[in-house]
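K.L.:
Here is my input; please provide its structure:
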Amino acid sequence: MTLWTLANQESFRSIADRFGLTNRGLAYHCFISTCAKIKERMFADIITWPLPVELRRISGEFLSRYGFPGVVGCIDGSHVPIKAPAVDRDSYINRKGFASVNLLAVCDDALRFTYIHADCPGSMHDARVMRLSGLGDGLTTGQLFADDNCHLLGDSAYPLLVNLLVPFRDNGHLSESQIRYNVVHSAARSCIERAFGRLKGKFRRLKHLDVTRTERAALIIETACVLHNVSLQDDDDDSISEKAEVEESDVDVSNHGLQQNSNSKARQKRDAIMQSL
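P.N.:
Sure, this is the predicted structure:
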């Protein structure tokens with residue numbers, strides 16, 4: 001019943017009737033309880049940060065597919081619509097005018113989530129979500145990886161950091177090398193967009209979560225991400241749409257105090273990669 005509920009946007013009244021339960025409250029209770037058990041027993045084992053040997057494999061895959069060296073993952077945010085909560089409602093209204101939770105995720109070359117953070121309201125900027133997440137300290141200090149040649153790819157909503165490479169800002173005066181860098185960067189970064197597309201295509205409940213408690217919205221999102229990774233282990237079904245979910249990004253991060261972290265070492269690293277492409 002939990003799998004059916006995640007995969008469909010059917011009401012809990014209809015779900016209760018479909019599975020022979022007495023009322024919608026019982027169906028909702030069973031669904032939430034099962035999600036809680038999945039997170040408790042599976043989350044730590046299924047959504048894991050890659051070990052050094054796995055980082056080398058991922059980097060090799062990105063290099064062979066896209067020609068971009070040192071990539072060990074792609075980072076982005078995705079808005080999961082929710083019912084506007086009664087408490088602190090305005091914090092959850094995003095720039096597009098609807099209530100949501102901002103899901104931060106990192107995925108590898110196989111679209112497997114290696115890190116997720118689903119506790120931030122929709123009004124929060126992607127860069128601030130990153131800073132508040134457990135991943136933020138490692139990225140902003142440049143100590144996420146022992147090897148400085150390893151990095152994540154992110155869009156222009158994020159600051160340029162040693163371990164986080166973003167595209168050049170298109171001011172209309174980019175050189176041919178910078179344009180080529182942006183094209184290759186965008187092609188490699190499409191993995192995270194396709195991962196979000198596959199997640200929401202398989203678990204359509206995430207197209208709108210009709211829950212009044214935001215902590216339960218985070219629980220449902222985390223459960224779906226766990227099952228997304230499980231489904232990738234032995235999934236030969238190519239019928240699930242992986243249409244990229246491209247969301248408009250806030251390119252100005254100056255208000256979030258993170259652009260100051262863009263240092264000369266990060267710029268030199270990006271320029272060196274640009275020259276190698």
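
K.L.:
Name the SS class of residue 174, please.
P.N.:
When classified by DSSP: H, G, I helix; E, B strand; the rest coil, residue 174 comes out as coil.

K.L.:
Distance check, the closest residue in space to it that isn't next to it in sequence against residue 118.
P.N.:
Counting by Cβ to Cβ, 6 or more residues apart in numbering, residue 168 is the residue found nearest to residue 174 once chain neighbours are left out, at 5.8 Å. From N, CA and C alone the C-beta is placed, and that goes for glycine too. Plainly put, residue 168 is 30 Å away from residue 118 if you go by Cβ to Cβ, to the nearest Å.

K.L.:
Regarding the residue positioned nearest the centre of the chain, what is its secondary structure?
P.N.:
When Cα atoms, centre = their mean is applied to the chain, the residue found nearest the centroid is residue 105 (2.4 Å). Following three-state DSSP, the label given to residue 105 is strand.

K.L.:
again, but for residue 119
P.N.:
Following three-state DSSP, residue 119 is assigned to strand.

K.L.:
And residue 53, by the same measure?
P.N.:
Applying three-state DSSP: residue 53 is helix.

K.L.:
What is the neighbour count of it?
P.N.:
Neighbour count for residue 53, taken as other Cβ atoms under 10 Å: 7.

K.L.:
so what's the residue lying closest to residue 214 once chain neighbours are set aside up against?
P.N.:
The spatial neighbour of residue 214 that comes closest, neighbours along the chain excluded (Cβ to Cβ, 6+ apart), is residue 85 at 5.5 Å. If you count contacts by Cβ atoms under 8 Å, 6 or more residues apart in numbering, residue 85 has them with 92, 99, 212, 213, 214.

K.L.:
ok, what's across the strand from the second one?
P.N.:
Going back to what we said before, that points to residue 99. Counting by DSSP bridges, residue 99 forms beta bridges with residue 93.

K.L.:
Now do it against residue 83, distance only.
P.N.:
Per Cβ to Cβ, residue 99 is found 7 Å from residue 83.

K.L.:
Tell me which of the two has more neighbours.
P.N.:
With neighbours defined as other Cβ under 10 Å, residue 99 and residue 83 compare such that residue 99 has more, 24 against 15.

K.L.:
quick one: the more buried one and residue 79 touch, right?
P.N.:
No: contact between residue 99 and residue 79 fails when scored by Cβ atoms under 8 Å: they sit 9.4 Å apart.

K.L.:
Residues in contact with both of these two, list them for me.
P.N.:
Common contact partners of residue 99 and residue 79 (Cβ under 8 Å, 6+ apart): residue 122.

K.L.:
Which one's more surrounded, residue 168 and residue 118?
P.N.:
Legend: neighbour count by other Cβ under 10 Å for residue 168 and residue 118, higher for residue 118 (23 against 18).

K.L.:
Name all residues that make contact with that one.
P.N.:
Contact analysis of residue 118 by Cβ under 8 Å, 6+ apart lists 80, 101, 103, 104, 217, 218, 221, 222, 225.

K.L.:
Now do it against residue 146, distance only.
P.N.:
According to Cβ to Cβ, residue 118 and residue 146 sit 28 Å apart.

K.L.:
pLDDT weak spots in the protein?
P.N.:
Counting by pLDDT under 70, the ranges of the chain that qualify are 235-262.

K.L.:
how does it divide into domains?
P.N.:
Taking automatic domain parsing as the reference, the chain has its domains at 1-46, 50-276.

K.L.:
From start to finish, how long is the longest one in a straight line?
P.N.:
It stands for domain 50-276. End-to-end span of domain 50-276 (Cα to Cα, to the nearest Å): 26 Å.

K.L.:
Centre of the chain to that domain, how far?
P.N.:
Centroid separation between domain 50-276 and its chain, computed with Cα atoms, centre = their mean, to the nearest Å, is 5 Å.

K.L.:
for stretch 38-57, same thing?
P.N.:
For stretch 38-57, the distance to the chain centre is 15 Å (Cα atoms, centre = their mean).
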